[in-house]
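*Asks:* kindly generate the corresponding structure for this input.
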Amino acid sequence: MRTRLLITVGTIVAATAAGLPVTAAHAGSGGGGHDDEPRRVGYYTQWSNYSGYLVRNIDTSGQARRLTHINYAFGNVGADGKCFIRNEPGQGDAWADFQRGYPEAESVDGKADTAEQPLAGNFNQLRKLKAKHRDLKVLISLGGWTWSKYFSDAVLTPESRRAFVASCIDLYVKGNLPALDGRGGPGSAKGVFDGIDLDWEWPGSPGNVGNVIRPEDKQNFTAVVEEFRKQLDAYGRQTRKHYVLSAFLPANPTAIDAGFEARKIFRNLDFGTLQGYDFHGTWEPLTNQHSALRVPSGNPTTPDFSVTSTVDAWLQRGAPRQQLVVGVPYYSQGWTGITSTANNGLFQPATGAAPGLNTYRAVSALIGTDGFRVYRDTAAGHAWIFNGSTFWTLDDPALIAQKARYIRTQRLGGGMIWSLDGDTDDGALTRSLAAGLGCRF
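*Replies:* Here you go, the predicted model:
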């Protein structure tokens, strides 16, 4: 689950929580990288450029050459059941997407944007990144925590599904952007996006306040996945290209059963990315793990969530293991006001959320300052830092490597990152993920 906030990336698991079709034509890595490679999928957020993390940083950090896919977060779905882009607070940021001109110092290829070019912004920078890294695929991720409100309406009938899917393919894959202040227009973004990532949070289950939810969302999600596959393949026959289709999937078995027909959706998905984080967070009064590989001993929550329980839940429902891509967080959950040092701060009462940025780069910088030390539960596969009063979860390179080894030994489909801007300047987490998955660069 992902919000559009910079500081608080996690969302409420307690309330909401928390590949390739099995055909020879879609065998392999899902349209990115080499056929025998595990997928490495990184989310780049529309808004991260405002905090100084640009598409260019995906290249300079070394992340780009270690990824197979980038998911651009997010695209919105309107009350009319169509994909759209516009400049409106809370609804869209066309300026960031395709209007903003980049100077040469901030551009992927070192060339400044001009006033005359129809495509600028993040979209143009992603196109430049793909030109530099030929195997890299870019998907538009639709929805997210904030923009899943109208999915249920969009997929309600065969007619609405056809119109919804056609609008998304037209806007992003065909690149027919709206014309705004000299940017955009027909075909202006063609070639930027290689497919669609469905990030509906959640079919048939409560998500963000105000989301439309129906009991038939479960069957309609299956139907819209099939419609996306049908229309993407039809367009692909014209362009002689396979367009990737993926979906972000929850950890909570209740949410899985309410919204997803596992066996059916994976017939048409290239892969599905699994929620591997937000198992606990600052909406709860006790410090806890938020992304553990296994449920820790002594955890006061029963039953609890973990990476392995999430993977097992999907496998038990018929999802093919080679199409399951496990999510790892590049951010932390933090609590403060802790008065007990028992268990090195784990499972202890807190007064509220810890102040400050929660990216890995920010949290890891605290280690060795103000009494912060690293603690690990290697059996459960989670780590944290604690200084006697403030507690932060921590997915560092060692823990990322442990999760990557699990993905590899379980013959799963790869790893997914939320989100790339949390990494260090030299891409330490992404390097650890790729190496743990057996990739060499």
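*Asks:* and the strands in the stretch 201-350 of the chain, which stretches?
*Replies:* 244-249, 271-274, 324-329, 334-336 (DSSP state E, counting those that start in this stretch).
*Asks:* what about residue 96, which SS state?
*Replies:* Counting by DSSP: H, G, I helix; E, B strand; the rest coil, the backbone at residue 96 sits in helix.
*Asks:* got a list of what it touches?
*Replies:* For residue 96, the contacting residues are 46-47, 49-50, 121-122, by C-beta atoms under 8 Å, 6 or more residues apart in numbering. Heads up, the C-betas are built off the backbone N, CA and C, glycines and all.
*Asks:* where are the low-confidence patches of the stretch 1-150 of the chain?
*Replies:* 1-36 (pLDDT under 70).
*Asks:* what do you get if the cut-off is 90, keeping everything else the same?
*Replies:* 1-37 (pLDDT under 90).
*Asks:* now the longest helix seen in the chain: buried residues?
*Replies:* Secondary structure assigned by DSSP state H gives helix 217-239 as the longest helix of the chain. In terms of neighbour count (16 or more other C-beta atoms under 10 Å), helix 217-239 has its buried residues at 217-229, 231-232, 235.
*Asks:* contacts only, for residue 189.
*Replies:* Contacts of residue 189 (C-beta under 8 Å, 6+ apart): 98, 119, 123, 127, 172, 175-177.
*Asks:* in helices only, show me those.
*Replies:* 123, 127.
*Asks:* determine which two of the contacts of residue 189 are furthest apart.
*Replies:* Largest separation among these by C-beta to C-beta: 127 and 176, giving 15.3 Å.
*Asks:* tell me where the stretch 1-150 of the chain has helices.
*Replies:* 13-16, 55-60, 94, 121-132 (DSSP state H, counting those that start in this stretch).
*Asks:* returning to what we had before: what does the longest helix of the chain rub up against?
*Replies:* 21, 151-152, 154-156, 158, 161-162, 164-166, 168-169, 173-174, 195-196, 198, 200, 203-204, 214, 242-243, 245, 247, 258-261, 264-265, 267-269.
*Asks:* any of the residues you listed buried? List them.
*Replies:* By 16+ other C-beta under 10 Å, those give 21, 151-152, 154-156, 161, 164-166, 168-169, 173-174, 195-196, 198, 200, 203-204, 242-243, 245, 247, 258-261, 264-265, 267-269 as buried.
*Asks:* against residue 73, how distant is residue 145?
*Replies:* Look at residue 145 and residue 73: by C-beta to C-beta, to the nearest Å, they are 10 Å apart.
*Asks:* quick one on the thing from earlier: need the strands of the stretch 201-350 of the chain in JSON lines with mean pLDDT and distance to residue 37, can you?
*Replies:* JSON lines is the format used below for the strands of the stretch 201-350 of the chain (pLDDT from 0 to 100; distance: least, C-beta to C-beta, whole Å):
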{"stretch": "strand 244-249", "mean pLDDT": "98", "distance to residue 37": "14"}
{"stretch": "strand 271-274", "mean pLDDT": "98", "distance to residue 37": "13"}
{"stretch": "strand 324-329", "mean pLDDT": "98", "distance to residue 37": "12"}
{"stretch": "strand 334-336", "mean pLDDT": "98", "distance to residue 37": "34"}
